[in-house]
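S.K.: Here's my sequence, what's the structure:
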Amino acid sequence: MLECCGTQYVNAALRQALLWKPGGDLLSSSKLTAIYWDGLLEYIEYLPPLLTSTLQILQVQLDIIENPRTLCIIYKTISLHSPSLRSFELSFPPANEVNQAISQSLGELFTLLTKLALIRLPSHCMTGELFTVLSDLSRLQDLSLPPYPRVLYMDENILERLRKLKTNDDQEARKDIPFRSLDKLDISGSDFMMAEILRRDIQLLKLVDLTYRGSSRNRTIAFMESVPRVCPNLEKISIFANNSLPFEPFRSLLKCPALVKIVSDGTIDMDLEDIVIVASDRSTWQVIVLPSVKPLGYQALIPFAQNCPDLYQLGLKLTSTLGFPDINSFPMDVKFSSLTSLDVGLSVLTSDFALASFLSRICSKPIEINSDGSQENCRLWKNAEELVNFVIKIQHHNQTLKDTVTLLRGN
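M.R.: Next up is the predicted model:
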């Protein structure tokens, strides 16, 4: 792995290293697999000598582009010297003329790099032509089009992700199926991408992980209602919304039979009846984060404890002003089997002791409570977390003692 920062000093030193040949080129015997280039376009002329046939990961972050032609030339060099590239990431600021030129050259590059499995591009460079090229990449499994600015960094998880991606060598796969290998899609910065998918009536049959941020409330709702048709095998969806959303689009998502993780970054106009609908829809839920516009009473936790044994992360907006459910009002076996994370956001807590008493009754494992808001409110939530986990540990200890006594009596 090589990390290059685009300052004049570092690149001058890099150039000297590349010209140093006592016994051959400095990089001739190396098996370079990853390059992260961060800096000015004027220094990118030093990049081509680093491109090797073993290169799998290339990240390029540019602060300013005065002459996109230089970058286009680099693309051609990449396709010639690094045909086995599997991951390509690019970040640059938006500018209409630059966007168009770079988008066109990217299309030419991706046509030649047939082994690409992971691509990250700024959403402002997406065009219909580039969309078509991407849809034809037979091995593309992870596509992200985030909004600018996005800071790239050399992430070891990318290499691990590439190791896990399975090469699609299915000879029977139809060549005319767009995005036929795509299993992860992040279009949190691109309305255009989703508009094209809907306009071309594309189904993403292998997609299991989807992230979306719409530019308007109506577009977000329309997108969510189309998800069951476009992504019928979806397992995880993350929705980012600037405005509150009605519950109906989330009810539409329940038509995805494999969905086990649903996360909303914005608030939802929902009540306890809607919570019951979600919790009772399937027993396979693993992650649910659905903050409501109006805070819900702690009664909202019980349907999940009753119906979702695999749920390990739950996020709701709660309030203690409605009081806590009577712990004797529901069966003793109503407990969270897997819950270890409770996200409460800006929920206001008035009594940490009352909360601890209730949560220790319905939680079977130590739990982490994540909260925001004032320092005092966060302190109360932290106190409640410590109390809950202390009581749960005592319960586990007592149960162990009972089991031991029973075993000894049996002997």
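S.K.: which non-adjacent residue is nearest Ala300?
M.R.: Spatially, and ignoring its direct neighbours in sequence, Ala300 is nearest to Ile275 (4.8 Å; CB to CB, 6 or more residues apart in numbering). Every residue, glycine included, has its C-beta placed from N, CA and C.
S.K.: Helix or strand for that neighbour, just tell me which one.
M.R.: Following DSSP states H and E, one finds Ile275 within helix 272-281.
S.K.: before we move on, what about Ser238?
M.R.: Going by DSSP H and E, Ser238 is part of strand 236-240.
S.K.: For that strand, which strands pair with it and how are they oriented?
M.R.: Applying DSSP bridges to the sheet, strand 236-240 is found paired with strand 209-213 (parallel), strand 261-264 (parallel).
S.K.: For the following helix or strand past it, the averaged confidence score.
M.R.: Using DSSP H and E, the next helix or strand after strand 236-240 towards the C-terminus is strand 245-246. If you average the pLDDT over strand 245-246, you get 95.
S.K.: which is the next helix or strand following strand 245-246?
M.R.: Next in sequence after strand 245-246, counting helices and strands by DSSP H and E, comes helix 248-253.
S.K.: which residues are in contact with the helix or strand harbouring Ile288?
M.R.: Here Ile288, judged by DSSP H and E, is contained in strand 287-289. Strand 287-289 is contacted by residues 236, 260-264, 278, 304, 308, 311-315, 343 when judged by CB atoms under 8 Å, 6 or more residues apart in numbering.
S.K.: cutoff 6 Å now
M.R.: Lys261, Ile262, Val263, Gln313, Leu314, Gly315, Asp343 (CB atoms under 6 Å, 6 or more residues apart in numbering).
S.K.: next one: stretch 356-368
M.R.: 305, 324, 327, 335-336, 339-342, 384, 387-389, 391-392.
S.K.: Pull the CA coordinates from it and hand them back as CSV.
M.R.: Extracted in CSV, the C-alpha atoms of stretch 356-368 (Å, rounded to 0.1, in the frame of the first residue of the first chain):
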residue,chain,number,x,y,z
ALA,A,356,-33.5,1.0,34.8
SER,A,357,-36.2,-1.0,36.6
PHE,A,358,-38.2,-1.4,33.4
LEU,A,359,-35.3,-2.2,31.0
SER,A,360,-33.7,-4.7,33.3
ARG,A,361,-37.1,-6.5,33.3
ILE,A,362,-37.3,-6.9,29.5
CYS,A,363,-33.6,-7.1,28.5
SER,A,364,-31.6,-10.3,28.9
LYS,A,365,-28.2,-9.0,27.9
PRO,A,366,-26.1,-5.9,28.9
ILE,A,367,-27.2,-3.0,26.8
GLU,A,368,-25.5,0.1,25.4
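S.K.: Enumerate the positions of it that are buried.
M.R.: In terms of neighbour count (16 or more other CB atoms under 10 Å), stretch 356-368 has its buried residues at Ala356, Ser357, Phe358, Leu359, Ser360, Arg361, Ile362, Cys363, Ile367.
S.K.: got a list of what Val388 touches?
M.R.: Ala356, Leu359, Ser360.
S.K.: rewinding a little: give me the distance between the following helix or strand past the strand holding Ile288 and the centre of its chain.
M.R.: Next in sequence after strand 287-289, counting helices and strands by DSSP H and E, comes helix 301-307. Distance of helix 301-307 from its chain centroid, counting by CA atoms, centre = their mean, to the nearest Å, is 26 Å.
S.K.: Check which residues of the strand holding Ser238 are buried.
M.R.: Using 16+ other CB under 10 Å as the test for burial, strand 236-240 gives Lys236, Ile237, Ser238, Ile239.
S.K.: Equivalent analysis for stretch 127-145, please.
M.R.: Across stretch 127-145, burial judged by 16+ other CB under 10 Å covers 127, 130-131, 133-145.
S.K.: Which ones among those map onto helices?
M.R.: Within those, residues falling in helices by DSSP state H are Leu130, Phe131, Val133, Leu134, Ser135.
S.K.: and Leu198, what pLDDT?
M.R.: In this model, Leu198 is scored at 88, pLDDT.
S.K.: Keeping just the C-alphas, turn stretch 310-320 into PDB.
M.R.: Only the C-alpha atoms of stretch 310-320 are listed here, as PDB (Å, rounded to 0.1, in the frame of the first residue of the first chain):
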ATOM      1  CA  ASP A 310     -32.900 -11.700  16.600                       C
ATOM      2  CA  LEU A 311     -33.200  -7.900  17.100                       C
ATOM      3  CA  TYR A 312     -29.900  -6.500  18.400                       C
ATOM      4  CA  GLN A 313     -30.200  -2.800  17.600                       C
ATOM      5  CA  LEU A 314     -33.300  -0.700  18.200                       C
ATOM      6  CA  GLY A 315     -33.800   3.100  17.700                       C
ATOM      7  CA  LEU A 316     -36.900   4.900  18.800                       C
ATOM      8  CA  LYS A 317     -37.800   8.400  20.200                       C
ATOM      9  CA  LEU A 318     -39.100   7.800  23.700                       C
ATOM     10  CA  THR A 319     -40.600   9.800  26.500                       C
ATOM     11  CA  SER A 320     -41.100   8.900  30.200                       C
END
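S.K.: what's next to it, contact-wise?
M.R.: Counting by CB under 6 Å, 6+ apart, 284-289, 291-292, 295-296, 300, 304, 338-345, 347, 350-351 sit against stretch 310-320.
S.K.: For that stretch, what is the distance to the chain centroid?
M.R.: 20 Å.
S.K.: oh, and call the first residue 194 from now on, that's how I've got it
M.R.: Taking 194 as the first residue, the last one we looked at is stretch 503-513.
S.K.: buried sites along it?
M.R.: Leu504, Tyr505, Gln506, Leu507, Gly508, Leu509, Lys510, Leu511, Thr512, Ser513.
S.K.: try stretch 406-422
M.R.: Neighbour counts over stretch 406-422 (16+ other CB under 10 Å) mark Arg406, Gly407, Arg412, Thr413, Ile414, Phe416, Met417, Val420, Pro421 as buried.
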